[in-house]
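Visitor: sharing a model prediction with you, sequence too.
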Amino acid sequence: MPSARTALPAWQKLTEHQRAQSRLHLRERFDRDPGRFRKFSLTLEGMLLDYSKQRIEEETMRLLAELARECELEAWRTRMLTGARVNASEDRAALHVALRAGTPVRFEGQDVTREVAAVLADMRRFARGVRSGRIRGAAGRAFTDVLNLGIGGSDLGPRLACDALKHCSRSGPRAHFVSNVDGSAIADALARLAPATTLVVISSKTFGTQETLLNAAAVRAWLERGLKSKAVRHLCAVTADPERAAAFGVPADRIFRTWDWVGGRYSLCSAVGLPVALAIGMEHFDELRAGARAMDEHFAQAPLEKNLPVVMGLIEVWNVNFLGCGARAVLPYDERLRWLPAYLQQLEMESCGKSVTRDGARAGHATAPVTWGSVGTDSQHAYFQWFHQGSAVAPADFIACCRPHHRLRGHHQALLANFFAQTEALARGMDAEQAAAGMRAQGLQEAAVRSLLPHRVFDGNRPTTSILLDELTPRALGALIALYEHKVFVQSVIWNVNAFDQWGVELGKSLAGRILPELEGAVPVSTHDSSTNGLINTYLTRRRRT
């Protein structure tokens, strides 16, 4: 069923435009236009965005910008940035930009940046105290480790930042993260830690997240066994519900506030980043926030055609809705960014994985693609065969840094050689004539050439975007994260979905709450479908046998 979006004039023009240029290969696009890279690349503060290997032309980008204007992207951008309740289904604003703003941001008549500044000041004092050894544990020993308990945005954001930026400071406590309710995760983490030197951060916006509270209870019991009544001195909390945190036993001066107007997956620059400040220093956390702020300002001010998040969002709309691509890979060629694909998977698929529009109608068009990926060059030896010769096409974001943090000779050049080669190979491919010539140059006989030729041909024409950072600094990481945050918002406006709710997350969790008493024997197994009943009864039978 057609949607209101697909009926827009620009959408119709883009459909016709795609048909007219669908046979044009990326090889031809580059061969006939030597200035293609210059036309389709943008820079901002040490970041280069090269989208010239996407299957686009100047007319494509012009029409996509026209579509954005027909969807009132600029008005929606203003609404989000000025505190309007853009999260309609939960009647909330989405003011993550206020977490790093340099000027006042008002919400319901109040300058919320003052509240943010107060929490950041508390974080700064606390982080400096822990890192200097002034704030110590119950046994009088300095904290050597910080354990973060959270899930989703309360885990992936700080986990990404701590891992990516650990080269920035070696003097702080080591950061550890547990998110999974699987007991083996918390058991393995605690086996590596000592109660006397471990600081625990319980990060939950509602302080009611089952997985996080179950892990927190296990850790509190572990601390109490080692530290008795003084165990609470090792607890911190990050939450929008301080009363619940206090009831759990967290000291009032170690509860750091978040707000309803910040979604979990957008919350890294809030107190959710406390593990980052503890591990690498508040000055580096402030630099991360400054990088995000620079991208916020660019997003707010730059014209659509030169706006990095807007361009990236529109290209994804083009790939999904006009080229039919149902997946996109994120491939960081930097070991320090190994958590970026998982972080973006939550950010993008939880935000835009919707089939209902803001007004409750069926969307009638494709929305978020599957986001997946892993670090290069490992990924090349795992699934790049599929990228090059598989029957489906998935666009990919390739991300790398010009300067590494290490001084090992040869490694970075080898890494970037693969980075540059893969995007070129995916774009250009190799036709039958080139493949045959290569085999003949290797000395193969004509019979072998003919036999092997179908296996040695690469179609190419596989779209990629390349992001080159000068260096992976806290500022660069903050800008990169904000780039993707705003890209997601752009897509949500074009697709007319709410990027800030996640009702789909709640359904399975509510059913789990109903099933848990059945597994504990507190209530009889209720009537589910035959599969679920069978699985539960099999578990109960086999559990009793052991």
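Guide: Here it is on my side, so go on.
Visitor: distance of Asp334 relative to Ala300?
Guide: Computed with Cβ to Cβ, to the nearest Å, the distance linking Asp334 and Ala300 is 28 Å. All C-beta spots, glycine's among them, are computed from the backbone N, C-alpha and C.
Visitor: looking at these two now, which is surrounded by more residues?
Guide: Per other Cβ atoms under 10 Å, whichever of Asp334 and Ala300 has more neighbours is Asp334, with 20 against 15.
Visitor: gap between the two ends of stretch 142-159?
Guide: For stretch 142-159, the first-to-last residue distance is 22 Å (Cα to Cα, to the nearest Å).
Visitor: so for that stretch, mean pLDDT?
Guide: In this model, stretch 142-159 has a mean pLDDT of 97.
Visitor: list the buried residues in it.
Guide: Applying a neighbour-count criterion of 16 or more other Cβ atoms under 10 Å, one finds 142-143, 145-159 buried in stretch 142-159.
Visitor: thought Asn418 was touching Tyr333?
Guide: Yes. Asn418 lies in contact with Tyr333 (Cβ atoms under 8 Å); the separation is 7.0 Å.
Visitor: the more surrounded of these two?
Guide: Taking neighbours as other Cβ under 10 Å, Asn418 and Tyr333 compare with Tyr333 leading, 23 against 17.
Visitor: angles on the backbone of that one, please.
Guide: With angles defined as degrees, to the nearest 10, Tyr333 sits at phi -90, psi 60.
Visitor: for Asp111, same thing?
Guide: Torsion angles at Asp111 (phi, psi; degrees, to the nearest 10) stand at phi -80, psi 100.
Visitor: just the buried residues of stretch 142-159: which are in strands?
Guide: Cross-referencing the buried residues of stretch 142-159 against strands under DSSP state E gives 145-149.
Visitor: I'd like to know which of these is nearest to Leu453.
Guide: The nearest member of those to Leu453, counting by Cβ to Cβ, is Asn148 at 54.0 Å.
Visitor: quickly note the distance from the closest one to Gly313.
Guide: Computed as Cβ to Cβ, the Asn148 to Gly313 distance reads 30 Å.
Visitor: cool, and Lys39?
Guide: Distance from Lys39 to Gly313, counting by Cβ to Cβ: 19 Å.
Visitor: the two: which has the busier surroundings?
Guide: Applying other Cβ under 10 Å to Lys39 and Gly313 shows that Gly313 carries more neighbours, namely 27 against 13.
Visitor: could you point out where this structure is predicted with low confidence?
Guide: Scanning the chain for pLDDT under 70 picks out 1-2, 545-546.
Visitor: any idea which residue is closest to the centre of it?
Guide: Nearest residue to the geometric centre of the chain (Cα atoms, centre = their mean): Leu344, 2.1 Å.
Visitor: before we move on, the earlier item: so what sits against both of Asn418 and Tyr333?
Guide: Common neighbours of Asn418 and Tyr333, using Cβ atoms under 8 Å, 6 or more residues apart in numbering, are 376-377.
Visitor: can you report phi and psi for Phe458?
Guide: Here is the backbone geometry of Phe458 (degrees, to the nearest 10): phi -120, psi 120.
Visitor: OK, contacts around it?
Guide: Residues near Phe458 by Cβ under 8 Å, 6+ apart: 388-389, 425, 429-430, 435.
Visitor: from Gly390, how far off is it?
Guide: Noted for Phe458: a distance of 11 Å to Gly390, by Cβ to Cβ.
Visitor: likewise for Pro517?
Guide: According to Cβ to Cβ, Pro517 stands 45 Å off from Gly390.
Visitor: could you do Thr198 as well?
Guide: 46 Å.
Visitor: dihedrals phi and psi, Val356?
Guide: Torsion angles, degrees, to the nearest 10, at Val356: phi -120, psi 140.
Visitor: make 4 the first number, not 1, from now on.
Guide: Noted, 4 is the first residue going forward, which turns the last one into Val359.
Visitor: so it makes contact with His368?
Guide: No. The criterion here is Cβ under 8 Å, and Val359 misses it with His368 at 11.9 Å.
Visitor: please say which of those two ends up with more neighbours.
Guide: A direct count of neighbours by other Cβ under 10 Å for Val359 and His368 places His368 higher, at 20 against 15.
Visitor: distance of the more buried one from Ser358?
Guide: Counting by Cβ to Cβ - His368 and Ser358 are separated by 9 Å.
Visitor: hey, where'd the helices end up in the stretch 404-549 of the chain?
Guide: Taking DSSP state H, counting those that start in this stretch as the test, the helices found in the stretch 404-549 of the chain are 414-431, 435-444, 449-459, 477-498, 506-522, 533-548.
Visitor: an error on my part: the question was meant for the stretch 204-353 of the chain.
Guide: 213-230, 245-251, 277-283, 285-304, 311-320, 343-355.
Visitor: the ones you listed: which one's closest to Ser529?
Guide: For the helices of the stretch 204-353 of the chain, proximity to Ser529 was assessed by Cβ to Cβ; helix 213-230 is nearest, at 19.1 Å.
Visitor: report the buried residues of that closest one.
Guide: Across helix 213-230, burial judged by 16+ other Cβ under 10 Å covers 214-216, 218-219, 221-223, 225-227, 230.
Visitor: chain center to it: distance?
Guide: What separates the centre of helix 213-230 from the centre of its chain is 28 Å, taken as Cα atoms, centre = their mean, to the nearest Å.
Visitor: domains for this structure, by residue range?
Guide: For the chain, automatic domain parsing gives the domain ranges 12-22+35-84+305-431+465-502, 99-290, 510-548.
Visitor: wait, which of the ones you listed is closest to Asp299?
Guide: The closest of these to Asp299 is domain 99-290. By Cβ to Cβ, the value is 4.8 Å.
Visitor: centre of the chain to stretch 162-180, how far?
Guide: Stretch 162-180 sits 18 Å away from the centroid of its parent chain (Cα atoms, centre = their mean).
Visitor: ok, and what's touching it?
Guide: 133-134, 146-151, 153, 158, 161, 192, 195-196, 202, 271, 276, 278-279, 281-284, 287, 291, 339-343, 345-346, 408, 475-477, 480, 484.
Visitor: got a PyMOL select line for the buried ones in these?
Guide: PyMOL command restricting the contacts of stretch 162-180 to the buried ones, with burial defined by 16+ other Cβ under 10 Å:
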select buried, resi 133+134+146+148+149+150+151+153+158+161+192+196+202+271+276+278+279+281+282+283+284+287+291+339+340+342+343+345+346+475+476+477+480+484
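Visitor: separation between Asp289 and Ser533?
Guide: 56 Å.
Visitor: who's more crowded, those two?
Guide: Asp289 (19 against 8).
Visitor: how near is the more buried one to Asp504?
Guide: Distance, Asp289 to Asp504, using Cβ to Cβ: 30 Å.
Visitor: please enumerate the helices of the stretch 54-203 of the chain.
Guide: Taking DSSP H, counting those that start in this stretch, the helices of the stretch 54-203 of the chain run over residues 61-73, 76-84, 115-135, 156-167, 186-194.
Visitor: how far is the third one from where the chain is centred?
Guide: Here helix 115-135 is found 25 Å from its chain centre; the criterion is Cα atoms, centre = their mean.
Visitor: same deal with stretch 108-124?
Guide: For stretch 108-124 - counting by Cα atoms, centre = their mean - the centre lies 25 Å from the chain centre.
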